[in-house]
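Enquirer: Give me a model of this one.
(2 chains)
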2 protein chains.
Amino acid sequence: MNKGVLIIISGPSGSGKGTVVKALPPDLGYALSVSVTTRPPREGERDTRDYFFRTPEQFAAMRDSDDLLEHASFVGHFYGTPRFYVEEKINEGKIVVLEIDVNGALQVKEKYPDSVLIFLMPPTLDELKSRLIGRGTEDSETIERRYKKAYDEIGLIDQYDYLVINDEVPNAVDRINLIVAAEQLKPKRCQGAVNTFKGVVE
Amino acid sequence: MNKGVLIIISGPSGSGKGTVVKALPPDLGYALSVSVTTRPPREGERDTRDYFFRTPEQFAAMRDSDDLLEHASFVGHFYGTPRFYVEEKINEGKIVVLEIDVNGALQVKEKYPDSVLIFLMPPTLDELKSRLIGRGTEDSETIERRYKKAYDEIGLIDQYDYLVINDEVPNAVDRINLIVAAEQLKPKRCQGAVNTFKGVVE
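Expert: Numbering: from 1, shown residues only, chains lettered A, B, ... in the order given. Prediction:
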């Protein structure tokens, strides 16, 4: 069996990455990554399914031994992507999906160069802005700040492997599917076939 | 308009690359590369359509000024891939297709790193051998020599961008189509969109 692949769906706030990730069909082998967090579990949340819940000491130990592909803090709690989980799922042949902001995405790519970095964007900057406004939950200052941050993030597109325009969610999903299908034809991702051709006994 | 892409379909004798290349649908933007040769035109062959017919001196001048992406000789005549033709078609947005042996393919990749290197293979080594035998036009010594050469070429798969199994021609064509579609989502190949997002006026 061929190994899976880690795909990182990233892009500015308003790019629709959350919606697109939820629309990726599990029957094609997609599996969402599960994060490590120091935040206490909320009602209904289960360890290993929703998060790996860890103490701050455990989290720090993982970080210090390079067991986190990226990490960040948010309102006093730490969050990170555990290397062991990603690698386990990849070895099972899964397409592990990580939905993450641009800063985290570039951290992961550095630690895990075989990952596939996808930048999601609305079709136009105007559309991005109207999506930020359309949420209706933020004041104009927050929207301006997000738009400014989006603009900075767009400057990093060239560091990504792929740019996917999210005009409609099903189109974006189709594009991600074909990226994954093409990536799985790379020799490094089908070493089973390559070794058979070379006569290498596994 | 986005730039096109140079795809190199390569693989051992018996991989079926000639048949697959002929089956690529022109309406998707595929355009076969046209070679430069010092061989005299045969009846019905037309300059610029079938080959660029050049004198040995003209050929040598092109080679020496790095105007050939690769070149080789065959029964006393020279053949090469002209850089100007490939670049012209790419600027027109075409998917320029080069069908070439493994040695030539690696030469092109070195001179033109943005090219996409595809290694075509029958599903098994046995199938490769039976395709070599099945032609029925070669003696067993020639077949053994080709098989030995194929084996050496297989050792170079890891230098390729993609491995496409040619079990059935339509399947191989589908795989090449999806590779091209995915490649065109790479930021370097859609700088038009990237620059628009960045607010760069073209």
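Enquirer: got the buried residues for stretch A:142-149?
Expert: The neighbour-count check on stretch A:142-149 (16 or more other Cβ atoms under 10 Å in any protein chain shown) flags A:143, A:146, A:147 as buried. Every C-beta, even on glycine, is put in place using the N, C-alpha and C of the backbone.
Enquirer: State the helix or strand in which the residue in chain A positioned nearest to chain B lies.
Expert: Here the residue of chain A nearest chain B is residue A:182; by Cβ to the nearest Cβ that distance is 3.5 Å. Element membership for residue A:182 (DSSP states H and E) is helix A:169-183.
Enquirer: Helix B:169-183 and that helix, what's the angle between them?
Expert: 110 degrees (axes from the mean of the first three to the mean of the last three Cα atoms, to 10 degrees).
Enquirer: Show me what helix A:169-183 is packed against.
Expert: Counting contacts by 3 or more Cβ pairs under 8 Å, 6 or more residues apart in numbering or on different chains; DSSP states H and E, helix A:169-183 packs against strand A:5-10, helix A:17-22, strand A:116-121, strand A:162-165, helix B:169-183.
Enquirer: how much space between residue A:109 and residue A:79?
Expert: According to Cβ to Cβ, to the nearest Å, residue A:109 stands 18 Å off from residue A:79.
Enquirer: and chain A, which residues reach chain B?
Expert: Taking Cβ under 8 Å from any Cβ of the partner chain as the contact definition, chain A meets chain B at A:119, A:121, A:124-125, A:154-155, A:157-158, A:160-165, A:175, A:178-179, A:181-183, A:185-188, A:190, A:193-194, A:196-199.
Enquirer: pLDDT on the strand or helix carrying residue A:145, on average?
Expert: Counting by DSSP H and E, the element that carries residue A:145 is helix A:140-154. Confidence for helix A:140-154, expressed as mean pLDDT, is 88.
Enquirer: Quick check: residue A:170 touching residue A:23?
Expert: Yes: counting by Cβ atoms under 8 Å, residue A:23 is a contact partner of residue A:170 at 7.3 Å.
Enquirer: Same drill for those two, tell me which one is more crowded.
Expert: residue A:23 (14 against 10; other Cβ atoms under 10 Å in any protein chain shown).
Enquirer: Now do the contacts for that one.
Expert: Counting by Cβ atoms under 8 Å, 6 or more residues apart in numbering or on different chains, residue A:23 touches A:169, A:170, A:172, A:173.
Enquirer: Name the member of these with the most neighbours.
Expert: residue A:172 (26 neighbours).
Enquirer: got a list of what that residue touches?
Expert: Applying Cβ under 8 Å, 6+ apart to residue A:172 gives the contacts A:16, A:20, A:23, A:120, A:164, A:165, A:166.
Enquirer: Look up the closest residue to it, ignoring the ones flanking it.
Expert: Leaving aside its sequence neighbours, residue A:172 sits nearest to residue A:166 (Cβ to Cβ, 6 or more residues apart in numbering or on different chains; 4.2 Å).
Enquirer: What is the neighbour count of the one you found?
Expert: Neighbours of residue A:166 under the rule other Cβ under 10 Å: 25.
Enquirer: Also residue A:50?
Expert: Neighbour tally, residue A:50, other Cβ under 10 Å: 14.
Enquirer: same question, residue A:141
Expert: Neighbour count for residue A:141, taken as other Cβ under 10 Å: 8.
Enquirer: Give me the buried positions along the one helix or strand residue A:128 maps to.
Expert: Assigned by DSSP H and E, residue A:128 belongs to helix A:125-134. Within helix A:125-134, the residues that qualify as buried are A:125, A:127, A:128, A:129, A:131, A:132, counting by 16+ other Cβ under 10 Å.
Enquirer: Show the pLDDT at the second one.
Expert: The model reports residue A:127 with a pLDDT of 90.
Enquirer: What distance do you get for it to residue A:158?
Expert: Residue A:127 sits 21 Å away from residue A:158, going by Cβ to Cβ.
Enquirer: And for residue A:173, nearest residue in space, chain neighbours not counted?
Expert: Residue nearest to residue A:173 in three dimensions, not counting chain neighbours: residue A:23, with 5.1 Å by Cβ to Cβ, 6+ apart.
Enquirer: so what's the most centrally placed residue in chain A bridging to?
Expert: The centroid of chain A falls nearest to residue A:98 when counting by Cα atoms, centre = their mean (2.3 Å). Note on residue A:98: beta-bridge partners by DSSP bridges are residue A:8.
Enquirer: Surely it touches residue A:8?
Expert: Yes: at 4.7 Å, residue A:98 counts as touching residue A:8 under the criterion of Cβ under 8 Å.
Enquirer: list residues touching both of the two?
Expert: A:105, A:108, A:115.
Enquirer: Kindly reformat these as CSV and extend each row with pLDDT, neighbour count and distance to residue B:88.
Expert: What follows is the shared contacts of residue A:98 and residue A:8, written out as CSV (pLDDT from 0 to 100; neighbours: other Cβ atoms under 10 Å in any protein chain shown; distance: Cβ to Cβ, whole Å):
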residue, pLDDT, neighbour count, distance to residue B:88
A:105, 95, 25, 37
A:108, 95, 23, 39
A:115, 96, 21, 36
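Enquirer: Out of those, flag the one nearest to residue B:71.
Expert: Nearest to residue B:71, judged by Cβ to Cβ, of those is residue A:115 at 38.1 Å.
Enquirer: May I have the phi/psi pair for the closest one?
Expert: Dihedral pair for residue A:115: phi -70, psi 160, per degrees, to the nearest 10.
Enquirer: and the residue nearest to it when sequence neighbours are not counted, what is it in contact with?
Expert: Spatial nearest neighbour of residue A:115, excluding adjacent residues (Cβ to Cβ, 6+ apart): residue A:6 at 4.1 Å. The contact partners of residue A:6, by Cβ under 8 Å, 6+ apart, come to A:33, A:86, A:90, A:96, A:98, A:108, A:112, A:114, A:115, A:116.
Enquirer: rewinding a little: apart from its neighbours in sequence, what residue is nearest the residue of chain A closest to chain B?
Expert: The shortest distance from residue A:182 to any non-neighbouring residue, by Cβ to Cβ, 6+ apart, is to residue B:182 (3.5 Å).
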